[in-house]
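*Asks:* Can you look at this prediction? I've put the sequence above it.
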Amino acid sequence: MRYAGPLLTHLHLADSFDHRASSGLRYIVNPPGSPVRVHQHLDIGQGEVDWPAFFATLDRLGFDGIMTACVFAWEDRADDSCRFMRKEIDRYVSTWTA
């Protein structure tokens, strides 16, 4: 985010797991060895993104752009997920000093 600086104008927010942890074996893929890429979009707090650091960085950069929640992990609770993400994003943004 620091590299993008003022060019950073739109963010898609979702939590995710660090694919490098556990010797790179965070996901079960069948058949084993399949040449696939796992891509996750979870609610804030369900993965391993350091959200306080993420939002603190945006604050330091003076970010004033658009944030969208981009979760599609839980089809059966999509409405709840959207409401939760909005509440969490608002909570973090309300702590900004800017």
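*Replies:* Nice, I can see it.
*Asks:* Before we move on, what's the pLDDT of the nearest residue to Met1 once chain neighbours are set aside?
*Replies:* Closest residue to Met1 apart from its sequence neighbours, by C-beta to C-beta, 6 or more residues apart in numbering: Thr57 at 5.2 Å. C-beta here means a position set from N, CA and C on the backbone, and glycine is covered the same way. pLDDT recorded at Thr57 is 94.
*Asks:* again, but for Leu25
*Replies:* 61.
*Asks:* One more: His12?
*Replies:* 93.
*Asks:* so what's it up against?
*Replies:* 68-70 (C-beta atoms under 8 Å, 6 or more residues apart in numbering).
*Asks:* Name the SS class of it, please.
*Replies:* The three-state label for His12, taken from DSSP: H, G, I helix; E, B strand; the rest coil, comes out as strand.
*Asks:* what's the answer for the one 5 residues further on, then?
*Replies:* In the three-state summary, Phe17 is assigned as coil, counting by three-state DSSP.
*Asks:* Relative to Gln46, how far out is it?
*Replies:* Distance, Phe17 to Gln46, by C-beta to C-beta, to the nearest Å: 9 Å.
*Asks:* Nearest spatial neighbour of the residue most central in space within the chain, chain-adjacent residues omitted?
*Replies:* Centrality entry for the chain: nearest residue to the mean C-alpha point is Ala14, 2.8 Å, by C-alpha atoms, centre = their mean. Spatial nearest neighbour of Ala14, excluding adjacent residues (C-beta to C-beta, 6+ apart): His41 at 3.8 Å.
*Asks:* Just give me the neighbour total for the closest residue to Thr95 other than its chain neighbours.
*Replies:* Counting by C-beta to C-beta, 6+ apart, Phe55 is the residue found nearest to Thr95 once chain neighbours are left out, at 7.3 Å. Neighbourhood size, Phe55 [other C-beta atoms under 10 Å]: 20.
*Asks:* Val49 now?
*Replies:* Neighbour tally, Val49, other C-beta under 10 Å: 17.
*Asks:* again, but for the one 3 residues further on
*Replies:* The number of residues packed near Pro52 is 10, by other C-beta under 10 Å.
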